[in-house]
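Here is a sequence with its predicted model. Questions after.
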Amino acid sequence: MIKNSIGRMIPGEVNGVKQIPFKGVAKYKPEGLKAAPPIRSCSDYPTDGNKVVSSLQEALKKCGLKDGMTISNHHHFRNGDLVMNQVFEIASEMGVKGLRWFPSAAFPCHKPVIDHINNGTIDWIEGSLNGPLGDFASGGGMRGTGVLRSHGGRWQAVQDGEVHIDIAVIAAPTADEFGNATGDRGPSACGLLGFGLVDTLYADKVIVVTDNLVPFPCLPWQIQGQNVDVVVVLDKVGEPEKIVSGTTKLTRSPDRLYIAELTAKFVKAADILHDGFSFQAGAGGTALAFAIYLKEMMKNAGIKARFIRGGSTKYLVEMLEEGLTDFILDGQTFDLEGVRSMRENFGHVNTSPFTSYNWHGKGNFATMLDVVVLGATEVDVNFNANVVTHSDGRMLHGIGGWQNCLFSKCTILPIPAFRDRIPIIVDKVTTVVGPGELIDVIVTERGIAINPLRKDLISATKNSKLPIRKIEEIKAEVDDLIGGPPTKPELTDEVVSIVKWVDGTVLDSIYKIKEEE
Amino acid sequence: MTKEYIVGPKGDKPKSDLRITYSKNSKSLDISLSSKVKLMFGKSIINQAETICKDLGITTGTFLLEDFGALPFVISARMEAVIKSAHPDITAESLPEIKPCSIGKSKRGRFRRSRLYIPGNQPKLMLNAGIHKPDGVILDLEDAVAPAEKESTRYLVRNALRVLDFFGSERMVRINQGEMGLKDLEFVIPNNVHLILVPKVESADQLKSVDNKIDEITKGCGRVDPVFLMPIIESAKGVLHALEIAEASKRNVALTIGLEDYTADLGVVRTEDGKESLFARSTIVNAARAAGIQAIDTVSVDIEDERALRASAMEAKALGFDGKGCIHPRQIQPIHEEFAPTHSEIEKAKKIILAFDDAKEQGLGVVSLGSKMIDAPVVQKAEKTINMAIASSLLSKNWKKNE
C-alpha cells in the first residue's frame, strides 16, 4: 500500500495493473500517445452495408468472445436495460470465464450479474457499484478489485490505454443495418448515447443492439456505423418506463425546498447570476427545486443564461422554451419531456464525456460552468466529499459526472445536515471522492459553509443576511442533536475497490466490511 | 400469552422514530435492536435503553426496539412511554438534559403572524420546524394525535421542548380538551413552553380551570417565566362568549378561531369566500381588541393553493387579525408577506413616529401631524407597523437616521 498526497492508503497494483497515487489536483500529466483501435478494411464488411446478424449469440461469437475479455456498455437505459443480462447469460452458456465487465454504470436491474460472478463467467466489474452489486462487492464477492471512475475518467482511462475494451455492446433505441444509431427516438428512446461513444471509438469490436431497425440512414447518427462491426435486432432492448421517468418529481420535503431556495439565494448574493451565465443541476429533488428557484430569480432580474448543462428535464426544457437559456448541453436525458424537446428543439446540444468531462483533452465544458449544484453522502470539515460510500462503509453510488463537475467556477453541495440520525458533516469522510480544494460551498438547512479558500465568495456574501457559518459550527450543532458522532464501521484491510481521480491516479481505497458476529 | 405493550409509529417506513414492544414477564432484562443505523449507533441505543430502565427501576422484561434513525430524545421518550404504559405507578422520570437553546423567553406582545402546527407524535417534522422561521411552532397534542397515542406523545413533546432548537420561534403546545388537557400541562409547563393553545373554549370557566392548573404546576416546579395562553374558539357558543373568554385569564395574549369545527357546529360549508364565518371572525377580532390582546385567524388547509392562502391572509389582515395558522412550512413566507405593512402604511407610520418624537423633544403634550391631532392608540399602531416593517426587511432598523 502507498500513501498518496492526501494521506490515503492505496494499493500499488490493482488487477495486475500498476497504479499511480493521487498527486494533487492538476499535478499529474502523463505523456505519450493515446490508445487506438485496430486498423480495419472495408473488404471485411458487407458492401451493401447490411451488418445484421440473426442473434445476440451469433454477434458475440462473430466478435470472438472468449475468456478474460473486457465487455463494455453504456448506461443510458438505466434501470430498464434488457441487454446486458442476456449478454452474460450467453457468455455463461458458452462457458466463457474470467470476463471483466466495464459498464459506464450498473443498476439494480443488473443483479443477475452476481450469479455470473459466482459461476465464474465474470471476475470483476469496473464501473459504478450500487444497490445489490454494491453490497455484493462491499462484502468482497468479486474476484478482482472494483475500479470506480467518473464519466470523464472512464473516457480518459480508455483513451489513455488504461482499459482496453474487447467488445462494446451498444443498446440503441433506433439503428439502421449499417450500425448508425440514435437514442432520441424509438420505443426505448433514452435521449442520447454519449456515454457509449468512447466504447465505439476505441473497442476492438462493436455490437449495436436495437429493437427499432430503420432503413439506412438512421438520423441523427449519434453513433456512426463506421465504428460498428455487427447489428442485432431484438424484440425489446429496454423497459421504457425505467429508462426515463414520465415526469421528474420535485421534492415536497419542506427542508429540501428550503435548502434549494437557500442555494439559489446564495448564487444570487455571490453575484454569479449575470446575463450569459451558465449552470448545471442534476435531476435530484433538491437540484430540480434549485433550478426552479433560480428560474424565478432570473425572470425577476431579467437575466438569461447562455447555456445549461443537462440532463434535460421538463423544468430545463421550460427554461429553454421560455427563452431563459439559449442552449441546453445534454449529457443524458431524465424524462419524456426532455427526450421530446431534444428531438424538436435545436437548442439542445448532444455532448459526451469527451466534450464535457475528459481531463486529458484540450479543455472541457465542466470547467467553463459558472455554478454547479451536486449531492454528497458525506463532507468533512476540510470540505473533502464522498459520494460513493455510505457512512457505514458500504458502496452506495457511482461517481457519475460528479468529480468532473467539481471543476466549475463555483461548486455547491446542497445537502441536509443530517439524514435520520446520520450526520453529513464528519471529521473524516469514509472515502475521498472529491478533494476539498475543489468544493466551494456546503448549503444545509442549518447554515451555509463557505470553503475558507474561497475568499472571494466569502467577501461577496458578507452582507447578504444569509446564514453563513463555519463548517465546524454546523457540525457541532448536529453532533449535539444526534448524540455525538457515529461509531465508524469496522472494516478489514482488504481493498474491494479503488476510487480513481479524473487523471487516472488513485484517490482512495474502499475496504471490505467486517461481517457482523 | 403475556401482554405486549407497544409504543411508537406503525408501518414499515417511519422516519427518525422508534417502535418498542415490551413485555414484563422475564427473569432478566433483554433488549434487542433492529436499526438501519445499527453499525453506527447500535451500542449507543442499547446503552441508552439500559440507562432509562435503570432510571425508572426496571430490572427485567423483554424490549424489542425497532429503530428508524430516532434521535436520542425520541428514544428516551419512547422508552419512558412504553415502560409507564405497563407500570402506571412509576413516578420517576427520565429527562434528557435541557439544552441552552431551550431556555429562551417570549414576550407578551411579540409578533404572532404565523404559527406552524406540528403533530406531536412525528419527530421527523419537529426537528427542523424552527428553520422555516414561523413566529410560533405548535407541538400538537390534540387533533393531530390518535387517541391511542395521546399518552406516549406527551413524552415526545416534553423531550422536544427540552432539547430542540426552535430558532427563535415561540414555543407553543396545543393541549387536549378537558381533563386530558390538564394532565398535558404537567408535561409541558415545567419545560419552558411559552404558550398554550387551549382548544374548544366555550366559557370563561373552562379557561380558568386551565389557569388554575398552571398556577399549581408553576408553584410546584418553581417556574417564574410567564406562561401565555391562546384560547381557540371553535363553536357558536364560544363565539358568543368571546369577550368573557378573552378576559378570563391574565395569561391570555391572543384569541384565535378554528373554522373547521366552527362551520361544522353551524352546519354550514366552509367556503373560500368565508361569508359564513364573517360574524365569528369579526367577533373574535373585537373581543380580542376589547381585552387588549391579539386576534389570530384560522389555518388554510389547502397547502397547494398559495393564491387562496394569500387572499385569505390579506382578508384576515383587513379584518384586523394579527396572524394566521399554518399546517405546512410553505405557508409561512406568503403569510408573512401578506401581513407585512404596505409601502403607504410604512410611510404614514414613519411620519407619525417622527411627529411624536418631535412633540416629545419640544415637551408638547399633544402630538399633531399637519392639522390633525394624533391620539396615543394611533402612535401605538404606527409603532407596531414600523416594527413589523423592520421584521419584514422592508425598513432599516436605523431608518430615523435617513429621515
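It's in.

could you give the mean pLDDT of stretch B:40-54?
For stretch B:40-54, the mean per-residue pLDDT is 96.

next one: stretch B:367-376
Here the average pLDDT along stretch B:367-376 is 80.

For that stretch, measure first residue to last.
For stretch B:367-376, the first and last residues are 9 Å from each other (C-alpha to C-alpha, to the nearest Å).

What are the contacting residues of that stretch?
Applying C-beta atoms under 8 Å, 6 or more residues apart in numbering or on different chains, the set of residues contacting stretch B:367-376 from outside is B:K351, B:I352, B:A355, B:F356, B:A359, B:V366, B:V379. For the C-beta atoms, the positions are set from N, CA and C on the backbone; glycine is no exception.

and the gap between the second one and B:A376?
Distance of B:I352 to B:A376, computed by C-beta to C-beta, to the nearest Å: 11 Å.

A:Q280 too?
Noted for A:Q280: a distance of 59 Å to B:A376, by C-beta to C-beta.

These two: which is more packed in?
Neighbours per residue (other C-beta atoms under 10 Å in any protein chain shown) separate A:Q280 from B:A376, with A:Q280 holding more: 26 against 9.

Where does chain B get nearest to chain A, which residue?
Here chain B gets closest to chain A at one residue, B:G69, 2.4 Å apart by C-beta to the nearest C-beta.

isn't that residue right next to A:I422, touching?
Yes - with contact taken as C-beta atoms under 8 Å, B:G69 and A:I422 are classed as touching, separated by 7.0 Å.

so what sits against both of these two?
Taking C-beta under 8 Å, 6+ apart as the criterion, B:G69 and A:I422 both touch B:V37.

Contacts only, for the residue in the stretch 201-350 of chain A that chain B sits nearest to.
Taking C-beta to the nearest C-beta, chain B has its nearest neighbour within the stretch 201-350 of chain A at A:P254, 3.8 Å off. Listed by C-beta under 8 Å, 6+ apart, the contact set of A:P254 reads B:N128, B:H132, B:H328, B:P329, B:R330.

biggest strand in chain A by residues?
In chain A, taking DSSP state E as the definition, the longest strand is strand A:491-500.

Where do the helices of the stretch 301-450 of chain A begin and end?
A:314-321, A:336-344, A:353-356, A:402-405 (DSSP state H, counting those that start in this stretch).

ok, back up a step: name the member of the contacts of stretch B:367-376 with the most neighbours.
Scoring these on neighbours with other C-beta under 10 Å, the highest-scoring entry is B:I352 at 22 neighbours.

and the nearest residue to it once chain neighbours are set aside, what pLDDT?
With C-beta to C-beta, 6 or more residues apart in numbering or on different chains as the measure, B:A382 is the residue that lies nearest to B:I352, at 4.0 Å, once sequence neighbours are left out. With respect to pLDDT, B:A382 scores 90.

Would you agree B:A382 falls within a helix?
Yes - secondary structure of B:A382, determined by DSSP: H, G, I helix; E, B strand; the rest coil: located in a helix.

partners of the longest strand of chain A, with directions?
On the basis of DSSP bridges, the sheet neighbours of strand A:491-500 come out as strand A:146-148 (parallel), strand A:506-513 (antiparallel).

which of these sits most buried?
The highest mean neighbour count among those, using mean count of other C-beta atoms under 10 Å in any protein chain shown, belongs to strand A:146-148: a mean of 27.

From the chain's centre, how far out is that strand? Work that out for me.
The offset between the C-alpha centroid of strand A:146-148 and the centroid of the whole chain comes to 13 Å, using C-alpha atoms, centre = their mean, to the nearest Å.

quick check: angle from the next helix or strand after that strand to strand A:491-500?
Next along the chain after strand A:146-148, taking DSSP states H and E as the criterion, comes helix A:151-159. For helix A:151-159 against strand A:491-500, the angle between stretch directions is 80 degrees (axes from the mean of the first three to the mean of the last three C-alpha atoms, to 10 degrees).

I'd like the average pLDDT over helix A:151-159.
On average, the pLDDT along helix A:151-159 is 98.

Tell me if I'm right that the residue nearest to B:I352 and B:L354 touch.
No - the pair B:A382 / B:L354 is not scored as a contact, 9.7 Å apart, by C-beta under 8 Å.

quick check: domain ranges of the chain?
Unless you meant another one, I'm taking chain A. Taking automatic domain parsing as the domain assignment, the ranges for chain A are A:50-126+A:163-243, A:254-482.

The chain in question should be chain B.
Taking automatic domain parsing as the reference, chain B has its domains at B:4-86, B:100-339, B:343-402.

Just send those domains back as JSON lines, with distance to A:E473 too.
As requested, these are exported to JSON lines (distance: least, C-beta to C-beta, whole Å):
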{"stretch": "domain B:4-86", "distance to A:E473": "19"}
{"stretch": "domain B:100-339", "distance to A:E473": "13"}
{"stretch": "domain B:343-402", "distance to A:E473": "24"}
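
out of those domains, nearest to A:L336?
Shortest separation from A:L336 across those is recorded for domain B:100-339, at 23.4 Å, computed as C-beta to C-beta.

wait, does that closest one contact chain A?
Yes - on the criterion C-beta under 8 Å from any C-beta of the partner chain, domain B:100-339 is in touch with chain A at B:L127, B:N128, B:I131, B:H132, B:V163, B:L164, B:D165, B:H328, B:P329, B:R330.

quick one: contacts for A:N73?
By C-beta under 8 Å, 6+ apart, A:N73 lies in contact with A:D81, A:V83, A:M84, A:V87, A:P103, A:S104, A:A168, A:V169, A:I170, A:A171, A:G196, A:D199.

can you do 6 Å?
Residues touching A:N73, when contacts are defined by C-beta atoms under 6 Å, 6 or more residues apart in numbering or on different chains, comprise A:M84, A:P103, A:V169.

What are the boundaries of the strands in chain B?
For chain B, applying DSSP E gives strands covering B:4-7, B:18-23, B:29-35, B:61-67, B:114-119, B:136-140, B:170-174, B:195-198, B:228-233, B:254-257, B:294-299, B:323-326, B:367-369, B:372-374.

ok, whichever residue of the stretch 1-150 of chain A sits closest to chain B to B:A316 distance?
Checking the stretch 1-150 of chain A residue by residue against chain B with C-beta to the nearest C-beta singles out A:S138 as nearest, at 11.9 Å. Computed as C-beta to C-beta, the A:S138 to B:A316 distance reads 56 Å.
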